[in-house]
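J.: heads up, no residue letters with this:
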């Protein structure tokens, strides 16, 4: 096969001019209204532009976000700052009891410092129940499925993580992994690391979903507990998984797995149906926060295609905006969600209460 | 002069020495301020034992948590494990710390000048990363130490296992030795060698002298580190979490963590009920200290000349050198090398090295500000705590015994509460006062909070040193017309300057590594290095957190070197000033 040289259709100076204009267009800052794909369309881009103007007019130059996810998503805040240079996001990774106490204290005294709460469902709902969220529905919210938006606009669910089996690939093969919850009681998995299902951590959150879906009973809970090394928190043991002193986390975070895998750690992830659980996270604008206009801009930006795509590339998490697709090889969130019985946000705390009674009885 | 002698002074002088020039209202105000700063936040937390809600929020009262905690057999298993852990690690660490302080201050052992920087780094290394480093070094399967031993001997040998009782105790004891050494070095250096020489001249051997003179003279300082060590051992969390969990050993501290970290809402009632054990242990230790240590028996700093020449240990010094080198290897070099290697890796356990983590740390706009905030907060909170501890110790020495004991125990109380509980207590205590509420989120409120949190360590450092100073020196100054403030500054603080500086350094290092109080009280826009480290851990970047910690260790060392240079310069200038004076006096005579 021979290749013919393409005919020269344009003169050299013209090509140079075209190349220069292309370079200039690439170097120029993205204009809010000119290229509206980042916002999901012209209307959204204009609406966000108006919110940006309003925040600037109110001299609000930052958004303080409370919650552990604000640390995980720190690289995303650079994207926000590039889009809206006059406003920075200040993450405060406070979570758990510190967050509860800080918010209790700030609301009791009226000296609120946080603008947005970014947390998992339990923390989000417990604060919403205490009337701490300022209702707000961003102008672009229609793009997000209705089920992710509180009907009263007090919170929005924008992201998810998937919790499945994270294992050391030097010590285990994918075929050796448990296929059912009952398999986790097999002595060959002795030493897998789990936090206490009674303690309200990861095991509690994932087991609530499995229990609610009728997949986990008291006998299996006990058998799994007896076969595991129960630790106060799973988080420090991702390092042990990487070094090989722990071979299996039955409910490990996909986000952590991707981070470790990208860094070259010998880890694998298995999303076995009936075992794998998605956990959602979202945001609420705190009532009485010092930067409400900037918080509204953030809330709107977080459901744009730009932010939702950055959730994948910089936050290693699952976006919830339709049309923003996760890379090949990631678990199929839709299928995982469909394999479980959905807990409506309004019923979550009641389901949690029933689960806690059951697990206390089973593990007594 | 003992307390009894003080009572024999003329009424006016004795009265001045009991209460200084503060008067009854001044004393009352001081006692109230101490109660507010140190006791109230803890009382608020302890009241939580009987409340069904978080501190400061509405809730009903109940004995449910008390019945739940004290009626469970598991609670006593946690207590037993914690007591064994706290006692053994403290005794081991105190023995090692005292031995090394003795070698550094009193012996001619080669390598003794290494000890202080080594101990400083061991102490400054954060517990969490010390535990992770040891889990990487002494993992029974993949630990680097076991890999090395297997390469040198047989492939089926497992010599080291961090996930055992022995592993836990050794790792905690190595870490705690740095603290014990730093608090004991000042008192050892301040000790008058003439007591030991008198013993030797009287025919007692060196070992007998050590046992019957040196160690008893150090009793106040030793008691101080033992009390803090045991209480700290009962409450410490990171090493039990990382190593104890895989060894299936539960402690009070891990149970307290579970109660307040994951329960929704946090189960402060259970945490407080469990913490009560720690308070009881502290009370028992304090009463023992008050019974054993009588004022005036441990005075070594007097108006007379003070001999401080070193012991020639003869052949034993080689053993001392070997001990120093072994300790340096196991307590510092191995974990530190592991920490540095980790800071160069993309993730823990992947042995590819680059400076990417450091580049990321320096790219972060918050890094420089975090180091500035941490430095300012740690140095000023440490200084404030030491000054207040010196003031309270000084007032206590000249006040009725109940006031002395009240001040002594009040300044120790914050150590019984787990970090999160103390921080919550401080938050509620401060924001419920209208004047202080306006300080919420400012540097100043965080400074007060951190000062309160490090006060137990400061008060122990001061108490040990104060017990060595003869009261006659203060009384002589007061009778000569010096004001109480001048007596405190020119006599007390100057005479215990070594212990004061060591205490300042120790408290500043603790403050620099503190997470709970700054994260609750500081503004979100002014994070400390610990908050950034915590951020990186939450973000799944532990190796970047290691890079931050390595930089923090470098900063601590630079600070220590600067402090040492300043002290050396001051000593040299002081000698230059004193020497011509002595010459002038001699020629005049």
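T.: The structure has been received and is ready for your questions. What you see is a predicted model; the values in this text were computed from it and never measured.

J.: who in the stretch 151-300 of chain A is up against chain B?
T.: Counting by C-beta under 8 Å from any C-beta of the partner chain, the residues of the stretch 151-300 of chain A close to chain B are A:193, A:195-196, A:199-201, A:204, A:229-233, A:235-240, A:242-246, A:255-256, A:259-260, A:263-266. All C-beta atoms are positioned from the backbone trio N, CA, C, and that covers glycine.

J.: domain parsing for the chain?
T.: Because you didn't say which chain, this covers chain A. For chain A, the structural domains run A:37-160+A:279-326, A:161-277+A:337-363, going by automatic domain parsing.

J.: think we crossed wires, I meant chain B
T.: Domains of chain B are assigned by automatic domain parsing as B:1-62+B:357-589, B:74-302+B:309-354.

J.: Do the first one and chain A come into contact?
T.: Yes. In terms of C-beta under 8 Å from any C-beta, part of domain B:1-62+B:357-589 sits within range of chain A, namely B:54-57, B:420, B:423-424, B:427-428, B:431-432, B:437, B:440-441, B:516, B:519-520, B:523-525, B:527, B:531, B:534-542.

J.: Strands - which of these land there?
T.: Among the residues of domain B:1-62+B:357-589 next to chain A, DSSP state E puts none in strands.

J.: Which of these fall within helices?
T.: Among the residues of domain B:1-62+B:357-589 next to chain A, the residues falling in helices (DSSP state H) are B:420, B:423-424, B:427-428, B:431, B:437, B:516, B:519-520, B:531, B:534-538, B:542.

J.: okay if I get the domains of chain B as TSV plus distance to residue A:82 and mean pLDDT?
T.: As requested, the domains of chain B are exported to TSV (distance: least, C-beta to C-beta, whole Å; pLDDT from 0 to 100):
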stretch	distance to residue A:82	mean pLDDT
domain B:1-62+B:357-589	14	79
domain B:74-302+B:309-354	25	83
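
J.: Ok, which of those comes nearest residue A:124?
T.: Taking C-beta to C-beta, domain B:74-302+B:309-354 is the member of the domains of chain B nearest to residue A:124, at 11.3 Å.

J.: Only the buried members of the residues of domain B:1-62+B:357-589 next to chain A: can you turn that into a PyMOL selection?
T.: Listed next is the PyMOL selection for buried residues among those, using 16 or more other C-beta atoms under 10 Å in any protein chain shown:
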select buried, chain B and resi 54+55+56+57+420+423+424+427+428+431+432+440+441+516+519+520+523+524+527+531+534+535+536+537+538+539+540+541+542
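
J.: Just the buried ones from the residues of the stretch 151-300 of chain A next to chain B, in PyMOL syntax?
T.: PyMOL command restricting these to the buried ones, with burial defined by 16+ other C-beta under 10 Å:
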select buried, chain A and resi 193+195+196+199+200+201+204+229+230+231+232+233+235+236+237+238+239+240+242+243+244+245+246+255+256+259+260+263+265+266
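
J.: OK, contacts around residue B:175?
T.: By C-beta atoms under 8 Å, 6 or more residues apart in numbering or on different chains, residue B:175 lies in contact with B:93, B:122, B:123, B:125, B:127, B:130, B:239, B:331.

J.: Is it possible to get CSV of the domains of chain A that adds distance to residue B:142 and mean pLDDT?
T.: CSV is the format used below for these (distance: least, C-beta to C-beta, whole Å; pLDDT from 0 to 100):
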stretch, distance to residue B:142, mean pLDDT
domain A:37-160+A:279-326, 26, 93
domain A:161-277+A:337-363, 5, 91
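
J.: So for residue B:44, which of the ones you listed sits nearest?
T.: For the domains of chain A, the distance to residue B:44 is smallest for domain A:37-160+A:279-326, at 11.4 Å, taking C-beta to C-beta.

J.: Residue A:241 touches residue A:169, doesn't it?
T.: No. The pair residue A:241 / residue A:169 is not scored as a contact, 10.3 Å apart, by C-beta atoms under 8 Å.
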